[in-house]
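In: Predicted coordinates and the sequence they were generated for:
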Amino acid sequence: MKRLMMAALLPAILVGCSNSNNHAIPTDLGGSDRQIKVAANKLSVTGMDGVALADAQVLIGDALNSPFEGNLLTTDAAGQIEIPVSWTTAQPITIQAKGYVRMTYMSVEPGALTFKLRPLNTVNQFEVKGTAQGLPIKNGDGNIDFGLVMQGFTKMQLFAFNMDSVLSAQNDKISALGQEMDIPANLSLPKQSEKYALFTVTLDKPAYRIYFGQPGVTRVFVARGTFPFKQVVDGVRGGAKLYEMLNVFDLTAGAVRDVNLSKSSTPVDLPTNELKFTTKNTLVAPQIRADETFMAAALSGQSGFLLPTDVKKLNGGQKITLKTVPGMEANALAVLTKTEDLRNDIDRVSTAIVPFAGTTSPKVLPLISNPSVTGGGRELILPQFNTIDGVNPIATYAVFSNQIEVKQGADKVKLMNPTWEVYADKWVTNMKVPNFPNDTLLNGNKRWEVNFLGSQTASQAPMGPAMIEAATHVTHSSVNF
C-alpha cells in the first residue's frame, strides 16, 4: 500500500531532498560577477523569527586567519559584530550558531548584512496525530478512499525536501486477508471493504501521525482522494510500475490547519472537504527522451504555502487537465526524471514551478550528472550544462546533510539532516566550502545536494533565500559519501 500511495504524489517527492524537518545548501569559489554591496559597519545574525543570536561565530574568508588575522568573530548580545578594518575585498562569509544550520554566502563585499539562520532539527521530534474525517466511504463501490496528511509546502520545500515530507518513513501495520501490511503513518484509511476475486478485503487504519523537527506554528494539509482497488491491485500483480498507474489516483478535496507545536504530541482531527479541487487547468508536456519520465502536479497557493491538489504522468506532448482550488493562485509543478532513476529511488530531477495561464506548456532545465566530492568532502566538482531559452541562471544552491537518528513516537528513525547551506551567485563549475575551525560536520555518513536555480522572471536576486524565491526552474542531483 505504501508503494501505491507513493505514486499518488511522486512529482512532489522527486523535487529534491530535505525533510518535513526542512532545508538544503550550496556554495562556490568558482567566481561570481555580482557581489553583495552594502554600507555600514556591522553584520547581524538572527533566527528566522528575527530574534538576535548572541555568541554566533562569523568566519570572514575561507579559513581561520585567511585572508587576514582575526577573521573569526563572535556576535554580541545584539547578535552583531563590528566589521573588521582588514576586510577590504569580497570574501565568503560563514555563520555558525548552536542549534542552527550553518550558512555561507560567497563573495560578499565589506558592509552591513543580516543573516537569518534556520534551526536544526531536534532529536525528539514533534508529533501531530488524529484522523481524516468525512471521507465518502461506500463499501463495495470499487474505490478505496483515503486522507493523506502532510505539511503545507513553501517554494523552498518544493525545490528541496525529503520524500518523508509527503509519505512518512514510518509505517503502521494493519491486517488484511490474514497478512500484515505496512501503511505510511501519515495516511488515514478509515474502515472500508472491497471485493477482490472471491475475497472481501477490509482495510482499517483511521489514525494518521506526522512528525516535525522544530517547534512553533506549522501548516498541516490533508488531501482526500480515491483509487480503483481492483485496477491498482491487478496492475501491481501484473508488474506495472507505480508511476505508470499514477493517473488512476484522484485527489478531490482537502483542508488546512495551522498547528502550534509546543509539546511532544498534538491531537488534530482534520476535515477533508473544506477545499474543493474543482478549477480545471490545461497543461501540455514538453517533448521528452525515451528514457525519461515527465510528471506534473497542480499547486494551489494559500498565504505563502503551496498545496498539491492534483498529479499526473504525461507522455511527451500530451495535453491534460489538472485541478486546483477555486480562488487560489494556481501553479504547475513540472518534474522530469530518468525512468531508471525513478525505479531506483535516485533523486536526480529537474523541476519548474510556473503559473497556470491558459494552456500552460512548461519547459525544464536538462537533467545533470551527480557532483564529485574531493578534498575530504569540502570540494565539489559540478556538472556543466546549458540553460534553455527564457531561463536566466541566477544561483547555485547546495545542501550538506549528516545522517542522524531521531525519535518519532516510539520509533527511532535515521534521517539525512541538513546542517550547512551555502549560496553562490550564478551557476558554478566547482565549489570549495570554507574550512571552518574545529569542524565536525564532515564526520559520519553525509550527503551533498546541488541545485542550479534559474528564473523566467528575474536575471538576478539578492544573495541568500531570495534566490530560491526568485527561481522558477531547478535542476538537482546529489552524492552520498
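Out: Yep, that arrived. Residues are numbered from 1 along each chain as shown.

In: any idea how far the residue of the chain most remote from its centre lies from Asp411?
Out: Most distant residue from the mean C-alpha position of the chain: Leu198, 42.5 Å away (C-alpha atoms, centre = their mean). Per C-beta to C-beta, to the nearest Å, Leu198 is found 37 Å from Asp411. Heads up, the C-betas are built off the backbone N, CA and C, glycines and all.

In: got the contact list for Pro190?
Out: Residues counted as contacts of Pro190 (C-beta atoms under 8 Å, 6 or more residues apart in numbering) are Thr131, Ala132, Leu135, Ile137, Asp145, Asp204, Pro206.

In: what about it, which SS state?
Out: strand (DSSP: H, G, I helix; E, B strand; the rest coil).

In: Now do the same for the residue nearest to it when sequence neighbours are not counted: its pLDDT.
Out: Nearest non-adjacent residue to Pro190, counting by C-beta to C-beta, 6 or more residues apart in numbering: Pro206, 4.5 Å away. Note on Pro206: pLDDT of 96.

In: right, and Pro206 touches Ser188 too?
Out: Yes: using C-beta atoms under 8 Å, Pro206 is in contact with Ser188, at 5.9 Å.

In: Who has more neighbours out of these two?
Out: Ser188 (25 against 15; other C-beta atoms under 10 Å).

In: how far away is that one from Lys155?
Out: Taken as C-beta to C-beta, the span from Ser188 to Lys155 is 27 Å.

In: likewise Gly327?
Out: From Gly327 over to Lys155 (counting by C-beta to C-beta), the distance is 20 Å.

In: Compare those two and say which one has the larger neighbour count.
Out: More crowded of Gly327 and Lys155, by other C-beta under 10 Å: Lys155, with 21 against 10.

In: For that one, list the residues it contacts.
Out: Applying C-beta under 8 Å, 6+ apart, one finds that Lys155 lies in contact with Leu306, Ile353, Ile468, Glu469, Ala471.

In: now the stretch 351-481 of the chain, which segments are flagged as low pLDDT?
Out: Applying pLDDT under 70 to the stretch 351-481 of the chain flags no residue at all.

In: Could you pull out the helices in it for me?
Out: Using DSSP state H, counting those that start in this stretch, the helices of the stretch 351-481 of the chain run over 465-470.

In: just the stretch 151-300 of the chain next, same as before
Out: Under DSSP H, counting those that start in this stretch, the stretch 151-300 of the chain gives helices at 155-159, 229-237.

In: packing partners for the longest one?
Out: This points to helix 229-237. helix 2-8, strand 187-196 (3 or more C-beta pairs under 8 Å, 6 or more residues apart in numbering; DSSP states H and E).

In: which residues does Lys407 form a beta bridge with?
Out: When assigned by DSSP bridges, Lys407 has beta-bridge partners Asn124, Lys412.

In: quick one: which of the contacts of Lys155 is nearest Pro67?
Out: Nearest to Pro67 among those, counting by C-beta to C-beta, is Ile468 at 28.9 Å.

In: Return the distance of stretch 63-71 from the chain's centre.
Out: Chain-centre distance of stretch 63-71: 35 Å, with C-alpha atoms, centre = their mean, to the nearest Å.

In: My guess is Gly254 contacts Val220. True?
Out: No: in this structure Gly254 lies outside contact range of Val220 using C-beta under 8 Å: 10.6 Å.

In: Neighbour count for the two, which is higher?
Out: Counting neighbours by other C-beta under 10 Å for Gly254 and for Val220 shows that Gly254 has the greater number, 27 against 23.

In: mind listing what that one touches?
Out: Phe221, Val222, Ala223, Arg224, Thr272, Glu274, Leu275, Phe277, Leu307, Thr309.

In: So what pairs up with it in the strands?
Out: Beta-bridge partners of Gly254, as defined by DSSP bridges: Ala223, Leu275.

In: hang on, Ile137 packs against Gln192?
Out: Yes: Ile137 lies in contact with Gln192 (C-beta under 8 Å); the separation is 4.8 Å.

In: Give the residues shared as contacts by the two.
Out: Asp145.

In: neighbour count winner among the two?
Out: More crowded of Ile137 and Gln192, by other C-beta under 10 Å: Gln192, with 20 against 16.

In: Pull the contacting residues for that one.
Out: Taking C-beta under 8 Å, 6+ apart, one finds Ile137, Asn139, Ile144, Asp145, Thr202, Leu203, Asp204 in contact with Gln192.

In: Let's see that with 7 Å instead.
Out: Shown in contact with Gln192 (C-beta atoms under 7 Å, 6 or more residues apart in numbering): Ile137, Asn139, Ile144, Asp145, Leu203.

In: Out of those, flag the one nearest to Gln214.
Out: The closest of these, once distances to Gln214 are taken by C-beta to C-beta, is Asp145, at 32.0 Å.

In: Show me what that closest one is bridged to.
Out: Under the criterion used here (DSSP bridges), Asp145 is bridged to Thr226.

In: when you give positions from now on, start the count at 7
Out: Fine by me, first position is 7 from now on; the one you just mentioned is Asp151.

In: what's the distance between it and Val207?
Out: Applying C-beta to C-beta to Asp151 and Val207 gives a distance of 14 Å.

In: So those two - more neighbours on which side?
Out: Asp151 (21 against 16).

In: Surely the more buried one touches Pro234?
Out: No: Asp151 lies out of contact with Pro234 (C-beta atoms under 7 Å); the separation is 11.5 Å.

In: for the residue nearest to Arg215 when sequence neighbours are not counted, what are its contacts?
Out: Once flanking residues are discounted, Arg215 sits nearest to Lys135: 4.1 Å by C-beta to C-beta, 6+ apart. Counting by C-beta under 7 Å, 6+ apart, Lys135 makes contact with Ala213, Tyr214, Arg215, Ser271, Pro273.
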